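Visitor: Requesting a structural model of the entry that follows:
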Amino acid sequence: MTQRQPFPFSAIVGQEDMKTAMVLTAIDASIGGVLVFGDRGTGKSTAVRALAALLPPIEAVEGCPVNAPRRDLCPDWAVIASDRIVTKPTPVVDLPLGVTEDRVVGALDIERALTRGEKAFEPGLLARANRGYLYIDEVNLLEDHIVDLLLDVAHSGETVVEREGLSIRHPARFVLVGSGNPEEGELRPQLLDRFGLSVEVTSPKDIATRVEVIKRRDAYENGHDRFMKTWRPLDAGLRNQILAARAALPKLKTPNVVLHDCAALCLALGSDGLRGELTLLRAARALAAFEGAAAVKRSHLRRVAPMALSHRLRRDPLDEAGSAARVGRTLAEVLP
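Guide: Residues are numbered from 1 along each chain as shown. All right, here's what the predicted structure looks like:
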């Protein structure tokens, strides 16, 4: 039986901020992960799988546990039977709640140790996610040390395992997408700051939008082939736009005034460190490239600032407005 294709990214109704954030990370993975907070059933996991399916398939060595594109890039500990290159979809790996550190980074292969007396490495979920997406639902309920570990690896692009007589390194370059419901708990500020972008999603408040969501989902489930045929050209157009933006990034100009605006905005918001400025600039550059602009403009900064900075703000007990509203107010004052 042929596996059903994921719901088309272009067919997702509304949730523009979430879709924009995910597209920007697809253009420039160095932006960092995406944190999506909001109601259940608002399309968070659907969007991750849809975007991964939209992106071009990757070429990898057959049987390589880290999806390496060439045989010489496969880790030494991996047992590779052939040098054949195969095409496979962009990986999407789900990280379940209650997962152990061994399951995440890998550990000693107990079966081979007991049956053959060999000291071998059993790769974890991070190896499978290399060159793809790692999705964590209810990230705010995950143990802090696991989240910290994931963010460290996402930043360095490498997994290091030093335990049980093993000394293992392997590439782990992925886009981290975390989602959760803020009513069930919050992430520590130190962890929030490590995510590149943050967006909030809500259930549609108008009947017309809700009806359109129902119609498209029903068409996907009961007329799958016809529905996919309708939306496939739009997904193909978006894919080409993302690939063109990736190619344009190195040639994109960044005027000094834009750098000044980044610093001035983060200073006015009281953002700690320089991670906010760097993420803001990367996101603005990705947006400019996506729109085909030759240079980054102030308008690009304005559009990405709420998703790049709102989760980095210190709480102000005297200000009842949400962090996104505070970013909006400061934008109006600093970048009129």
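Visitor: what sits against His311?
Guide: 35, 192-193, 195, 198, 323 (C-beta atoms under 8 Å, 6 or more residues apart in numbering). Just so you know, the C-beta spots here come from the backbone N, C-alpha and C atoms, and that holds for glycine as well.
Visitor: burial measure for Lys229, as a count.
Guide: Using other C-beta atoms under 10 Å, Lys229 is surrounded by 10 other residues.
Visitor: Work out the gap between the one helix or strand it maps to and the centre of the chain.
Guide: In the assignment (DSSP states H and E), Lys229 maps to helix 224-248. A distance of 19 Å separates the centroid of the chain from that of helix 224-248, by C-alpha atoms, centre = their mean, to the nearest Å.
Visitor: Surely Glu186 touches Asn140?
Guide: Yes - counting by C-beta atoms under 8 Å, Asn140 is a contact partner of Glu186 at 5.9 Å.
Visitor: And those two? Which one has more around it.
Guide: Ranked by neighbour count (other C-beta under 10 Å), Glu186 and Asn140 place Asn140 first, with 21 against 12.
Visitor: Chain neighbours aside, what residue packs nearest to the more buried one?
Guide: Distance criterion C-beta to C-beta, 6 or more residues apart in numbering; nearest residue to Asn140, sequence neighbours excluded, is Gly180 at 4.0 Å.
Visitor: pLDDT at that neighbour, what is it?
Guide: At Gly180, the predicted lDDT confidence score is 80.
Visitor: Counting neighbours, what do you get for it?
Guide: Counted with other C-beta under 10 Å, residues neighbouring Gly180 total 22.
Visitor: Repeat that for Glu138.
Guide: Glu138: 16 neighbours (other C-beta under 10 Å).
Visitor: Skipping its backbone neighbours, what lies nearest it in space?
Guide: Nearest one to Glu138, counting by C-beta to C-beta, 6+ apart, is Gly180 at 5.1 Å.
Visitor: Tell me how far the one you found lies from Asp137.
Guide: With distances taken as C-beta to C-beta, to the nearest Å, Gly180 is found 7 Å from Asp137.
Visitor: could you give me the average pLDDT of the one helix or strand Ile214 maps to?
Guide: According to DSSP H and E, Ile214 maps onto helix 207-222. Averaging pLDDT along helix 207-222 gives 90.
Visitor: ok, now stretch 149-163?
Guide: 79.
Visitor: how about that stretch: buried residues?
Guide: Buried positions in stretch 149-163, judged by neighbour count with 16 or more other C-beta atoms under 10 Å: 149-151, 153-154, 159, 161.
Visitor: Any chance of the residues you listed in JSON lines with distance to Leu313 and secondary structure as columns?
Guide: Converted to JSON lines, the buried residues of stretch 149-163 look like this (distance: C-beta to C-beta, whole Å; DSSP: H, G, I helix; E, B strand; the rest coil):
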{"residue": "Leu149", "distance to Leu313": "25", "secondary structure": "helix"}
{"residue": "Leu150", "distance to Leu313": "23", "secondary structure": "helix"}
{"residue": "Leu151", "distance to Leu313": "19", "secondary structure": "helix"}
{"residue": "Val153", "distance to Leu313": "26", "secondary structure": "helix"}
{"residue": "Ala154", "distance to Leu313": "22", "secondary structure": "helix"}
{"residue": "Thr159", "distance to Leu313": "31", "secondary structure": "strand"}
{"residue": "Val161", "distance to Leu313": "36", "secondary structure": "strand"}
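Visitor: now the end-to-end length of stretch 288-307.
Guide: 16 Å (C-alpha to C-alpha, to the nearest Å).
Visitor: Relative to the whole chain's centre, how far out is stretch 96-107?
Guide: How far stretch 96-107 lies from its chain's middle: 19 Å, per C-alpha atoms, centre = their mean.
Visitor: same question, stretch 138-147
Guide: On C-alpha atoms, centre = their mean, the centre of stretch 138-147 falls 16 Å from the chain's centre.
Visitor: If we go by neighbour counts, what in it is buried?
Guide: Going by neighbour count (16+ other C-beta under 10 Å), the buried part of stretch 138-147 is 138-140, 142, 146-147.
Visitor: So which of the residues you listed sit within helices?
Guide: Taking DSSP state H as the definition of helices, the buried residues of stretch 138-147 contribute 146-147.
Visitor: and which of the buried residues of stretch 138-147 is nearest Gly124?
Guide: Checking the buried residues of stretch 138-147 against Gly124 by C-beta to C-beta gives Ile146 as the nearest, at 11.5 Å.
Visitor: following the least confident helix or strand in the chain by mean pLDDT, which helix or strand comes up?
Guide: Using mean pLDDT, DSSP states H and E, the weakest-scoring helix or strand in the chain turns out to be helix 110-115, at a mean of 58. Next along the chain after helix 110-115, taking DSSP H and E as the criterion, comes strand 121-123.
Visitor: Contacts only, for the closest residue to Pro57 other than its chain neighbours.
Guide: Nearest residue to Pro57, sequence neighbours excluded (C-beta to C-beta, 6+ apart): Thr87, at 4.9 Å. Taking C-beta under 8 Å, 6+ apart as the contact definition, Thr87 lies against 57-59.
Visitor: Report the buried members of those.
Guide: Buried among these by 16+ other C-beta under 10 Å: Ile58.
Visitor: would you list the contacts of Thr87 in JSON lines and tack on distance to Ala127 and secondary structure?
Guide: Listed next are these as JSON lines, based on distance: C-beta to C-beta, whole Å; three-state DSSP:
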{"residue": "Pro57", "distance to Ala127": "19", "secondary structure": "coil"}
{"residue": "Ile58", "distance to Ala127": "14", "secondary structure": "strand"}
{"residue": "Glu59", "distance to Ala127": "17", "secondary structure": "strand"}
